[in-house]
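Participant: Show me how the following folds:
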Amino acid sequence: MNKMLFKLKLYFKKCKIGSKVIFENNRAIQIGSDVHIGDYSVISGFLDGQLKIDNNVHISRYCKIATCGGDLIIGKNVSIGDRTIITAQGGVTIDDDVLMADRISIIANQHKYEDINLPIAHQGQISKPIHIKSGTWIGINATILQDVTIGKNCVIGANSVVTKDIPDYCVVAGIPARIIKKYDPNTQKWITVH
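Facilitator: Here you go, the predicted structure:
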């Protein structure tokens with residue numbers, strides 16, 4: 001075992017760190033106990049952002065999780081599926097008990113494109129926050145874009161692209177995602193939205 005990996009394993013007590021996990025800018029990374037990070041993942045706290053991962057978090061294989069200048073907060077009991085990408089330029093908060101399937105993209109920035117006389121690569125970026133509230137389940141291959149809040153106990157359908165806020169207790173699907181079911185507290189049933 002190389003010396004750097006050995007030091008990281010001592011630092012992250014009670015954590016299971018997979019093989020060939022890369023940590024970039026460890027000073028900006030805070031990890032709780034009972035955290036599992038799968039093989040070949042990249043965990044990065046670069047560009048002044050803070051990365052805080054609370055207790056009992058499972059990050060699967062081949063994930064890329066990076067602050068990219070914004071703060072990234074992951075709450076307790078969060079499960080993140082294989083090949084997920086989280087870039088937190090505008091800030092990302094994932095509350096407790098969020099369940100994420102594989103290949104999720106959470107991107108808290110976008111490129112500017114207004115000036116047609118300038119290549120998009122030279123126009124800069126806009127960064128706005130993303131907040132995923134507790135108990136939400138995000139289906140496989142979904143994308144969450146900047147400036148979005150997803151409410152408590154929501155279901156984000158597979159392959160959906162979330163571009164606007166979702167209230168608590170909703171099921172959304174599609175590109176762009178739209179509400180297809182809502183929980184009715186009066187009848188205590190999920191109601192289909194037409």
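
Participant: what's the nearest residue to Lys112 once chain neighbours are set aside in contact with, if anything?
Facilitator: Spatial nearest neighbour of Lys112, excluding adjacent residues (CB to CB, 6 or more residues apart in numbering): Gln123 at 4.0 Å. Using the backbone N, CA and C atoms, a C-beta is placed for each residue, glycine as well. Contacts for Gln123 (CB atoms under 8 Å, 6 or more residues apart in numbering) come out as 111-115.

Participant: Select the longest strand from the chain.
Facilitator: strand 178-184 (DSSP state E).

Participant: Tell me the predicted confidence for the residue lying farthest from the centre of the chain.
Facilitator: Relative to the centre of the chain, the most outlying C-alpha is that of Asn117, 34.1 Å out, by CA atoms, centre = their mean. Listed pLDDT for Asn117 reads 93.

Participant: Show the low-confidence segments of the protein, by residue range.
Facilitator: Confidence mapping of the chain against pLDDT under 70 gives the ranges 1-15, 18, 25-27, 47.

Participant: Would you map the helices across it?
Facilitator: 3-11 (DSSP state H).

Participant: coming back round to it: now, of the contacts of Gln123, which are buried?
Facilitator: For the contacts of Gln123, a neighbour count by 16 or more other CB atoms under 10 Å gives an empty buried set.

Participant: export those to JSON lines and tack on distance to Lys133?
Facilitator: Output for the contacts of Gln123, formatted as JSON lines (distance: CB to CB, whole Å):
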{"residue": "His111", "distance to Lys133": "27"}
{"residue": "Lys112", "distance to Lys133": "29"}
{"residue": "Tyr113", "distance to Lys133": "30"}
{"residue": "Glu114", "distance to Lys133": "32"}
{"residue": "Asp115", "distance to Lys133": "36"}
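
Participant: Out of those, which is nearest to Ile94?
Facilitator: When the contacts of Gln123 are ranked by distance to Ile94 (CB to CB), His111 comes first, at 23.7 Å.

Participant: I'd like the distance between that closest one and Pro167.
Facilitator: 29 Å (CB to CB, to the nearest Å).

Participant: just Tyr62 next, same as before
Facilitator: Tyr62 sits 33 Å away from Pro167, going by CB to CB.

Participant: neighbour count winner among these two?
Facilitator: A direct count of neighbours by other CB atoms under 10 Å for Tyr62 and Pro167 places Tyr62 higher, at 17 against 14.

Participant: That one is in contact with Ser41, isn't it?
Facilitator: Yes. Contact criterion CB atoms under 8 Å: Tyr62 and Ser41 qualify, at 6.4 Å.

Participant: With adjacent residues omitted, what lies nearest to Gly49?
Facilitator: In space, Gly49 is closest to Thr67, 2.6 Å off (CB to CB, 6+ apart).
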